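Asks: turn this into a model:
(4 chains)
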There are 4 protein chains.
Amino acid sequence: MPQIRRLQVAVSGLGRMGARHANHFLHRTPKAELVAAFTPEPREAAWAAEHLEPWGVKIYSDYDEMLKHTGLEAVCVATATTVHAEQTIKAIKAGKHVLCEKPLSTKLDISQQVFDTARAHPKQKVMCGFSRRFDSSYRNAYNLTKNGSIGRATILRSQTCDKYDPSGFFVAYAEFSGGIFVDCNIHDIDLALWFFSADGKGSPAVKSVVAFGVTALEPDLAKHGDVDNGVGVVEFWDGQIAYFYSSRMNAPGQHDMTEIIGTTGKLSVNANPTTGLLESHLPEGIHRDIPQNYYERFEQAFVTEAIEFTDAVLEDKPLPIDLESSVEAVKIGVALQDSLRNGKKIWFDKEGKRVDEDGQARARL
Amino acid sequence: MPQIRRLQVAVSGLGRMGARHANHFLHRTPKAELVAAFTPEPREAAWAAEHLEPWGVKIYSDYDEMLKHTGLEAVCVATATTVHAEQTIKAIKAGKHVLCEKPLSTKLDISQQVFDTARAHPKQKVMCGFSRRFDSSYRNAYNLTKNGSIGRATILRSQTCDKYDPSGFFVAYAEFSGGIFVDCNIHDIDLALWFFSADGKGSPAVKSVVAFGVTALEPDLAKHGDVDNGVGVVEFWDGQIAYFYSSRMNAPGQHDMTEIIGTTGKLSVNANPTTGLLESHLPEGIHRDIPQNYYERFEQAFVTEAIEFTDAVLEDKPLPIDLESSVEAVKIGVALQDSLRNGKKIWFDKEGKRVDEDGQARARL
Amino acid sequence: MPQIRRLQVAVSGLGRMGARHANHFLHRTPKAELVAAFTPEPREAAWAAEHLEPWGVKIYSDYDEMLKHTGLEAVCVATATTVHAEQTIKAIKAGKHVLCEKPLSTKLDISQQVFDTARAHPKQKVMCGFSRRFDSSYRNAYNLTKNGSIGRATILRSQTCDKYDPSGFFVAYAEFSGGIFVDCNIHDIDLALWFFSADGKGSPAVKSVVAFGVTALEPDLAKHGDVDNGVGVVEFWDGQIAYFYSSRMNAPGQHDMTEIIGTTGKLSVNANPTTGLLESHLPEGIHRDIPQNYYERFEQAFVTEAIEFTDAVLEDKPLPIDLESSVEAVKIGVALQDSLRNGKKIWFDKEGKRVDEDGQARARL
Amino acid sequence: MPQIRRLQVAVSGLGRMGARHANHFLHRTPKAELVAAFTPEPREAAWAAEHLEPWGVKIYSDYDEMLKHTGLEAVCVATATTVHAEQTIKAIKAGKHVLCEKPLSTKLDISQQVFDTARAHPKQKVMCGFSRRFDSSYRNAYNLTKNGSIGRATILRSQTCDKYDPSGFFVAYAEFSGGIFVDCNIHDIDLALWFFSADGKGSPAVKSVVAFGVTALEPDLAKHGDVDNGVGVVEFWDGQIAYFYSSRMNAPGQHDMTEIIGTTGKLSVNANPTTGLLESHLPEGIHRDIPQNYYERFEQAFVTEAIEFTDAVLEDKPLPIDLESSVEAVKIGVALQDSLRNGKKIWFDKEGKRVDEDGQARARL
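Replies: Alright, predicted model coming up:
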């Protein structure tokens, strides 16, 4: 008989990403056992009846009931962004460890509440799932940065580009998403916070941000103060700059890429997007495919995320992602979105507080 | 309670590859349950006590005893090549399904015995595990070939190049490996049989083979009629040519690549080897790493192999690889190794029988 | 005897780039004849005595004298940036056609004077040599953009990254260069003006700019209000955005790259920098070199520039680059440098005039 | 007035390649002066009247007359292969230096006559123009090989693949071309002779060759004992192997590539064919173009060839290519073509003489 103790996990939300998380905990995280799942959606419940229940997973239509599932130890929150924070806070208060999909919230103050709740329960593990931190290429880049291979990391360029979805889903979703900088570039912001902390000085302090954008294909985005192409720059007090691009209209598919530029070298992740190792030499020229969505690109990273979250809980080890930085990412994303909307450059003081522009807009050199 | 029926699997041999197979069936094949494993090696048994027994896997030091494990349905044979055939035949006779590591044997007649035994037990699934057939890039290439994207597949170039192992392991191993064409290029031969059957005419019939080789780094290989670099050409009766290269001294790591050349296009798998999506821009130039061994390159293919073998057994579906072609691969590999050793071109008649050279060495055009 | 009429050309300045221009007109521009060259520098004159005089080129130490060279028709101005404008204006007034190295000047008003002088001499050809416009990869990208292959060009990302020069030359040069945005990114700005005009609406009108920068390796640059790494964003009134990066510390060499992102596709120029078609597979991994400076990257573009300038003059055809856009590039470069220095976002009205920030910093969406 | 002495050159043949050579010597070889050209073809003569005569080039319709052109010093023979040898021998006997297009002849004995004639005129420079030796990527690879970067060069793989020409030109041409191994792979053979001599031991001695081929698209090639896809292997007495592929049906264009594999590394030239630095990211995926013919790939190499031939003559320096190796290349190419036709492996003794197969076909290890 198996003598291995396995973490008892529930997944909340069985939409696109929730179903994937459920599969990862069920089949690809040996030391976890998916015991419960919550969804209020009949369509998702039907999927669960077919794919989860036969494996012994109990399906709940009430989140609070699910939290009472006997033996439940941890919850993976993968519902709509609007309820991330509420569900995370409830789970923490119920004594559960939590892996919450990004972002914690589209609002800074609510993100902060999640953080405060987690800090009040120091024995529980609470992590916001920034999947790129679990991708092997990003990790190799981080390790090279940390060991000094590129000198001091100074400039970070990063982009999140989705394939155009002609269904217009993302237009309607813009009402809730927080905008392109909070929904897409939040990953790139998180990478900047991660890589710029690689010199051991901790999270870098933001100094100013500015953002630009256009609605090239979906003018209706303007209703929600949003765009389908965004460019943002973030300057840090310690002499580092990150600049971002996000797009909802990348023709061939998903193209997320990052460059970390140091004083003695540059690391480039995914400058040459591809789905695999196949190239076709055809009469029209040479051709290759790229991933069609972020899951095709980051599937293994999500699995690693589940495995490492599980290990951190079981062995009471530090989590791979510091929750404070996930709040900081929301702060920067919200400021970029504000700058996009009001056309202004936004400043922060060294303590991280947004300040009046005129008081700060002085010569910098 | 889980209502899923899972295939009861045992793994024979817990060496390098056997341990990986055990992990795949244990943790990465949801519909399989690893229930038993066999190893006569105390070191491997110690590993199993730590990594398999806690998950409820019973460890045997006697292969025949393992075959009697209650409820056992299938065996993955991953022992040394020299006992592949014997264990496979025993398992078949004991009523088990078998996934056997490649090659079936280094001898053609023994490979044929495996095939004959399998044919006598038509309800059992017996497959030789040519892992590349489960790799997504090769599969995409195969599907493109099959749907006519490159016209008629005519030329196949394929190579298997290992990183140099200064321990000399492969020199000693040459006594048992069957030689570089049977040990390494057997994969490339299998690919030729697979891709050249994509036009629906079944396995192509070999017409002649010739091989060359050198011992660039390990002259002791000559004792076993082997080399560390081999070049071979295989001609088929139906107007197709495959040519192969194998090396034991590829500097940066594993570089297995294949080109399938059709009348209207070419497919290239792994012309640009890489471990991931990271490139380093350093003062010396631009740098990337490549896999260090075949498992780094094909890990996911091995997992898919386990999953698909399991599915084929559970659902009584055809196996992805035809056993007859695996015997044919041994026939061609052995002929190439013979050609390497005697310096002669070797001919086959249209029925697949090796024939005297003089009777065949006539003008071909 | 040759019956071909060849353009009589002089080169002014025989420094690094001037010597190259002299060679291009002397040996690689069949329809041009290099007849004269000017340099006040003894070291450059010595070089000319060895490499130009034997081919019949007359060397002058006085620019005005050179302009009087019998039969002289055109001048290539390749002196220090500080005298570009003065020499160009003199040459125009002397009735010569002029190819002037970029930028026309580091000052907007002086650039405008060049333009006004040229407009007053409409029969003479005056072009600012933005070499990238003559590069075959950029031209292919431009033609694809113009023919609609990527829909409407909406976002342009472009960078100019030099290999670090530890001699500190560029630090001293910062006194005269106009700063990194005028010296380096001027090329990228020119590309934005070019590609965004590909929809046939002419040069796009700038709406706002903002710039950031750091001195990662050379703090002394701050004396001249300059940096060694710059990030800038330029927004146009017609809903297009260009964003730029420049660096003086790119480890392996020169890496200038550009992406043009349209509503239905993206064109990428030099995402994979390389010096040629060689890759080395070595024990440390896979390695390739990249160009060490912009001339290694753009040599052929400079030759094409000389050939096409010559053809335009001989056949009285339109020049490939509109002089007005070269003034606009200076305007934008100067504004970026100002933004870098004062930390402010800078706005322009639709007529192209810089306006007070407060009057413009209103909501944009 | 110019004081430079320029080599007085004539080009024989103004077909496709001859016209290019004429342009190179006329416009891109500063120290050469194209003074004469020969063509018996009215169409070529009309081209010359427009493009060469205005530059002072005298056009001849009689080769012998051209050889008498006053002051003529060197001839570039670029006529049909069938007259290469005859014209080269005549020019040598007339006291001229000769750059002869490859191959010297499709016959070994005639190639040898060229060599013997050249040896009898030791003060004249005679070179067979294997253009790849002048390509910068190949040269970088050669220099790395020579300086030991990859240990001892042991295996060479090389291919010459043309875009399919549906006009069938190459089918008719097969009557004169000597066959695919003499016409196409002769370049690859030359590379093997070059790289395998990089260890300083001089040209390697061939031991055996074998060739295979198919007519995938043009069955009429069989009339001339030729194929549209060929695979050949050449073994050298000193423990080195070269293997070749040639094709007349490469879908996207010209793809000539080479790998040089040494005991400690591998050099790869053109594993990733491309026309430049542009990639298109389109809805169908990522796309790039490749050269459409060998001139697009090797244009600059041909120019360098003209320049270096000129320099070698003017300065009486050794030529970059040894004429003896060009005869050896013909010997190997002819043997491969013979092997293709008769299906036999062909052997050579250590003195380079072809020997009876039975006397040699013994065990080799």
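
Asks: give me the element residue A:276 is part of.
Replies: Assigned by DSSP states H and E, residue A:276 belongs to no helix or strand.

Asks: tell me how many other residues crowd it.
Replies: Using other Cβ atoms under 10 Å in any protein chain shown, residue A:276 has 18 other residues around it. Bear in mind the C-beta positions are built from the backbone N, C-alpha and C, glycine included.

Asks: quick check: closest non-adjacent residue to it.
Replies: Using Cβ to Cβ, 6 or more residues apart in numbering or on different chains and skipping the chain neighbours, the partner closest in space to residue A:276 is residue B:137 (4.1 Å).

Asks: now do the one you found against chain C, distance only.
Replies: 18 Å (Cβ to the nearest Cβ, to the nearest Å).

Asks: so what's that residue up against?
Replies: Applying Cβ atoms under 8 Å, 6 or more residues apart in numbering or on different chains to residue B:137 gives the contacts A:276, A:277, A:278, B:269, B:270.

Asks: show the subsequent helix or strand relative to the helix or strand hosting residue A:76.
Replies: Using DSSP H and E, residue A:76 falls within strand A:74-77. Under the assignment DSSP H and E, the closest C-terminal helix or strand after strand A:74-77 is helix A:81-93.

Asks: sheet-wise, list the partners of the helix or strand just after that following helix with their directions.
Replies: Sequence order places strand A:97-101 as the next helix or strand after helix A:81-93, per DSSP H and E. Paired with strand A:97-101 in the same sheet, following DSSP bridges, are strand A:74-77 (parallel), strand A:126-129 (parallel).

Asks: would you indicate which residues of the next helix or strand after the last one are buried?
Replies: Reading on from strand A:126-129 to the C-terminus, the next helix or strand found by DSSP H and E is helix A:136-146. Neighbour-count burial for helix A:136-146, counted by 16 or more other Cβ atoms under 10 Å in any protein chain shown, picks out A:137, A:138, A:139, A:140, A:141, A:142, A:144, A:145.

Asks: now helix A:136-146: average pLDDT?
Replies: For helix A:136-146, mean pLDDT rounds to 98.

Asks: tell me which element residue A:260 falls in.
Replies: In the assignment (DSSP H and E), residue A:260 maps to strand A:257-262.

Asks: send me that strand as PDB with only the CA atoms.
Replies: What follows is strand A:257-262, C-alpha atoms only, in PDB (Å, rounded to 0.1, in the frame of the first residue of the first chain):
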ATOM      1  CA  MET A 257       9.500  37.200 -25.100                       C
ATOM      2  CA  THR A 258      11.900  38.800 -22.800                       C
ATOM      3  CA  GLU A 259      15.400  40.300 -22.900                       C
ATOM      4  CA  ILE A 260      17.400  40.900 -19.800                       C
ATOM      5  CA  ILE A 261      20.200  43.300 -20.500                       C
ATOM      6  CA  GLY A 262      23.100  43.500 -18.100                       C
END
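
Asks: what about that strand, near chain C?
Replies: Yes - counting by Cβ under 8 Å from any Cβ of the partner chain, chain C is contacted by strand A:257-262 at residue A:261.

Asks: which residues touch that strand?
Replies: By Cβ under 8 Å, 6+ apart, strand A:257-262 touches A:138, A:141, A:145, A:149-159, A:188, A:191, A:195, A:266-271, A:273, C:229, C:247.

Asks: quick revisit: okay if I get the buried residues of helix A:136-146 as CSV plus distance to residue D:298?
Replies: Below are the buried residues of helix A:136-146 laid out as CSV (distance: Cβ to Cβ, whole Å):
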residue, distance to residue D:298
A:137, 36
A:138, 40
A:139, 42
A:140, 38
A:141, 38
A:142, 43
A:144, 38
A:145, 41
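
Asks: check for me that residue A:351 belongs to a helix.
Replies: No - per DSSP: H, G, I helix; E, B strand; the rest coil, residue A:351 lies outside any helix segment and is coil.

Asks: please, where are all the helices along the stretch 251-365 of chain A?
Replies: Per DSSP state H, counting those that start in this stretch, the stretch 251-365 of chain A carries helices over the ranges A:294-314, A:323-342, A:357-360.

Asks: re the thing from before, and the buried residues of helix A:136-146, which is closest to chain D?
Replies: residue A:137 (18.0 Å; Cβ to the nearest Cβ).

Asks: could you dump the contacts of residue B:137 into TSV and include pLDDT?
Replies: Output for the contacts of residue B:137, formatted as TSV (pLDDT from 0 to 100):
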residue	pLDDT
A:276	94
A:277	97
A:278	98
B:269	98
B:270	98
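
Asks: what number of residues are in the vicinity of residue A:195?
Replies: By other Cβ under 10 Å, 25 other residues sit near residue A:195.

Asks: for the one 5 residues further on, same thing?
Replies: Around residue A:200 sit 6 other residues, with neighbours defined as other Cβ under 10 Å.

Asks: so it, which of the three states?
Replies: Secondary structure for residue A:200, judged by three-state DSSP, is coil.

Asks: and it, how close does it get to chain D?
Replies: As for residue A:200, its distance to chain D is 36 Å (criterion: Cβ to the nearest Cβ).

Asks: from the contacts of strand A:257-262, list the buried ones, please.
Replies: With burial judged by 16+ other Cβ under 10 Å, the buried subset of these is A:138, A:141, A:145, A:150-159, A:188, A:191, A:195, A:266-271, A:273, C:229, C:247.

Asks: list the ones among those that fall in strands.
Replies: A:153-159, A:266-269, C:229, C:247 (DSSP state E).

Asks: now render these as CSV, adding distance to residue B:27.
Replies: Putting these into CSV (distance: Cβ to Cβ, whole Å) gives the following:
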residue, distance to residue B:27
A:153, 36
A:154, 42
A:155, 41
A:156, 36
A:157, 38
A:158, 33
A:159, 35
A:266, 37
A:267, 32
A:268, 33
A:269, 28
C:229, 46
C:247, 46
